[in-house]
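In: This is a predicted model, with the sequence first.
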Amino acid sequence: MERLKSHRDFVNVLKRRRKVGGRDIVVHYLVTGDTQDDQTVSRRLGLAVSKSVGKAVTRNTVKRRFRVLAGTYEHNLPAHCDIVLRAKPSAASASFQSLDDQIARAFDTVARKAAQV
């Protein structure tokens, strides 16, 4: 999964206000209309883990978990999709299994909602 790198990309996803929430995470998503080349899949991931989650070590642990889990369930997402995973403060104390379940559920919901549009 590629990364969202620029501030403009983050803002573009967050302004659309399409989101799926869990107990410890919020998934903001934007399905782009890049159907020019259907053979290339461009799913991009951005992470938003604020200082309210904890100190740097804790935030980096949460980000590492998010990256691993997003890569695991990336196949559930539409082909051209930008995702921003935002951590709630409770994500710092959540178990890996709990985050795993929440991200799996959220990505399935994103795929279902994207198919409806």
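Out: Arrived safely.

In: Could you pull up the residues touching residue 12?
Out: 30, 82 (C-beta atoms under 8 Å, 6 or more residues apart in numbering). Glycine gets a C-beta too; all of them are placed from N, C-alpha and C.

In: can you pull up the bridge partners for the spatially most central residue of the chain?
Out: Residue closest to the average C-alpha location in the chain (C-alpha atoms, centre = their mean): residue 85, at 3.4 Å. With DSSP bridges applied, residue 85 shows beta-bridge pairing to residue 27, residue 47.

In: Can you give me the distance of it to residue 108?
Out: For residue 85, the distance to residue 108 (C-beta to C-beta, to the nearest Å) stands at 15 Å.

In: What about residue 56, how many residues nearby?
Out: For residue 56, the neighbour count with other C-beta atoms under 10 Å is 8.

In: tell me the strands in this structure, going along the chain?
Out: Assigned by DSSP state E, the chain shows strands spanning 2-3, 19-21, 25-31, 42-48, 80-87.

In: What angle do strand 80-87 and the third one make with each other?
Out: When you say that, I think you mean strand 25-31. Counting by axes from the mean of the first three to the mean of the last three C-alpha atoms, to 10 degrees, strand 25-31 points 160 degrees away from the direction of strand 80-87.
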